[in-house]
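S.K.: One predicted model, sequence on top.
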Amino acid sequence: MMHQSIATIDSPEFINLQPLEINPLMSSCEIKVLYLGENRNHSYITKEVAADMAKTLRGAPIVGYYKDNKQDFGDHGEKIICDDEGIKFECLTKPYGFVAPDAKVWFQKFEDTDDFGNKVTREYLMTTGYLWTGQYEEAKLAIDEGRPQSMELDEESLNGHWSTNNNTGMDFFIINDAIFSKLCILGEDVEPCFEGSSITAPEVSTTFTKIDEGFKNTLFTMMQDLKHALKGGYEMELENDNVEVNIDSETTISDVLVNETEENVLEESVSTENTSESINAEESSNKEESVEEVKADETEEEKNDEDNKVEEKDYALLEKELKDLKASYAEIEVKYQELVAFKEAVDNEKKDALINSFYMLSDEDKKDVIENKSNYSLDEIEAKLSVICVRKKVNFDKDESDKNENIVEEVENKEVTTYSLNNTIESTNIPAWLKALKNTRDNKE
């Protein structure tokens, strides 16, 4: 019988591993899984379908069929066996790695050469994985030299329909949905369905992490500035006026600074001219003001006074509402604290009753639970005390037996009063029912 190991109630202690702290006997790899559109096995995959299928890439095994006689991988390694039991298929591949649960998945365009020597741009579905190169020496072929790759789909989940390409007259199976069952390493001399599909050492994905941190921060700031500018521009507050400066994609920061400087110079010039004109106007009119101007100034002052009064009234109203809210909050806080205190008292009472129910344990045994009962729930207290009972091998049957013996002993120690019908002496201590029974017997005799 297998040895049993039961977990204790103590909390597990986790080790804080860093993301790159992995088994050193593994090697990371990069995989070109498939490309979009038509392919040589007469199937067709759109980008939308490939993106949905990509959700099943993580965790998929990376397999291969290695042939010792050729010192290289073969094809998918399917073997047909015919015997007296019938025809069956046997898979000869074995796992050499996997697509990590946190693997990157992306689309990338590559320039391929087709069967006729023409340059064709294809968009591939890409991902990263790990190979157990320390365990399997042959897996290093994919890392050191690179190998073709062919993906396999789960037949039960494969969903699609046949359709004819009107331009070529060829029939294609349009895949609507499928799950990746595995990714297969092929031999160097085996042509995959998707011509450029491969498993190699990381190439494209390494550039994701090679950007200097300082450059990334600078680039992020520049992108934020550009994004803000394209959304409507910066608002620059000048000395007297609020001016909104719209920056399009062709405007630079230096242009904005130059415009600001020119506007400041223009403003100073206009201000100087206005000052000169006002002085001349005052001298020419001998400082006379019309009645209309005086009335206009008085009306403006009255309007400003009314606006100030409205603002003061609104501020006072807001201040009162804030004061009322603070008072309501303080009242709610007091009630909440009272409820918390009441709940703690009820919980402590229940916890004390539960601890006392374990009468078979000494105070020393229950010391930790008693001192830390505020930190434990009722279930945790019961569990901890139960574990202590098991460890101390408390005999619950014996406790019940002892309790029964104590009850019997108490009954035996009580004074027992007996009565007899043969008593000839009248006693006031004899119950009435017994006297009646004695008289009935005497009358019969």
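M.R.: That came through, no problem.
S.K.: For the chain, which strand extends over the most residues?
M.R.: Using DSSP state E to define each element, the chain has its longest strand at strand 119-131.
S.K.: Okay, buried residues for whichever helix or strand comes after that one please.
M.R.: Beyond strand 119-131 on the C-terminal side, the first helix or strand identified by DSSP states H and E is helix 140-144. Applying a neighbour-count criterion of 16 or more other C-beta atoms under 10 Å, the buried positions in helix 140-144 are 141-143. (Each C-beta comes from the backbone N, C-alpha and C, glycine too.)
S.K.: could you say what helices and strands the longest strand of the chain packs with?
M.R.: Using 3 or more C-beta pairs under 8 Å, 6 or more residues apart in numbering; DSSP states H and E as the contact criterion, the elements in contact with strand 119-131 are strand 27-35, helix 47-53, strand 94-98, strand 105-113.
S.K.: re earlier: output the buried residues of helix 140-144 in CSV; the columns should cover pLDDT and distance to residue 302.
M.R.: CSV is the format used below for the buried residues of helix 140-144 (pLDDT from 0 to 100; distance: C-beta to C-beta, whole Å):
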residue, pLDDT, distance to residue 302
141, 95, 93
142, 94, 88
143, 94, 87
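S.K.: hang on, the earlier thing: so what are the sheet partners of the longest strand of the chain and their directions?
M.R.: On the basis of DSSP bridges, the sheet neighbours of strand 119-131 come out as strand 27-35 (antiparallel), strand 94-98 (antiparallel), strand 105-113 (antiparallel).
S.K.: Highest mean neighbour count out of these?
M.R.: The highest average neighbour count among those, using mean count of other C-beta atoms under 10 Å, belongs to strand 27-35 at a mean of 24.
S.K.: Show residues contacting that one.
M.R.: Judged by C-beta atoms under 8 Å, 6 or more residues apart in numbering, the contacts made with strand 27-35 from elsewhere in the structure are 45, 50, 57, 62, 97, 99, 108, 110, 112, 122-131, 133, 139-140, 142-143, 149, 151, 180, 183, 194, 196-205.
S.K.: burial measure for residue 182, as a count.
M.R.: For residue 182, the tally of surrounding residues (other C-beta atoms under 10 Å) stands at 20.
S.K.: burial measure for residue 181, as a count.
M.R.: Here the count is done by other C-beta under 10 Å, and residue 181 has 18 residues near it.
S.K.: what's the answer for residue 197, then?
M.R.: The burial count assigned to residue 197 is 22, neighbours taken as other C-beta under 10 Å.
S.K.: Tell me the spacing between it and residue 33.
M.R.: 7 Å (C-beta to C-beta, to the nearest Å).
S.K.: Report the set of residues contacting both of the two.
M.R.: Common contact partners of residue 197 and residue 33 (C-beta under 8 Å, 6+ apart): 124, 149, 151.
S.K.: what kind of secondary structure is the second one in?
M.R.: Put simply, residue 149 is strand when judged by DSSP: H, G, I helix; E, B strand; the rest coil.
S.K.: pretty sure it is in contact with residue 200, am I right?
M.R.: No: proximity of residue 149 to residue 200 does not meet the contact threshold set by C-beta atoms under 8 Å, at 9.0 Å.
S.K.: Compare these two (neighbour count), which wins?
M.R.: Shown here are residue 149 and residue 200; by other C-beta under 10 Å, residue 149 has more neighbours (24 against 17).
S.K.: on that earlier part again, let's have the strands paired with strand 119-131 in JSON lines, adding distance to residue 41 and mean pLDDT.
M.R.: JSON lines is the format used below for those (distance: least, C-beta to C-beta, whole Å; pLDDT from 0 to 100):
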{"stretch": "strand 27-35", "distance to residue 41": "11", "mean pLDDT": "95"}
{"stretch": "strand 94-98", "distance to residue 41": "23", "mean pLDDT": "95"}
{"stretch": "strand 105-113", "distance to residue 41": "16", "mean pLDDT": "93"}
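S.K.: Quick one, which of these gets closest to residue 392.
M.R.: Distances from residue 392 to each of the strands paired with strand 119-131 were compared using C-beta to C-beta; the shortest belongs to strand 94-98, at 48.2 Å.
S.K.: Identify the residues contacting that closest one?
M.R.: Contacts made with strand 94-98 from outside it, assessed by C-beta under 8 Å, 6+ apart, are listed as 26, 29, 59-65, 129-132, 136, 138-139, 185.
S.K.: Show me the shaky parts of the stretch 251-400 of the chain.
M.R.: Counting by pLDDT under 70, the ranges of the stretch 251-400 of the chain that qualify are 251-298, 395-400.
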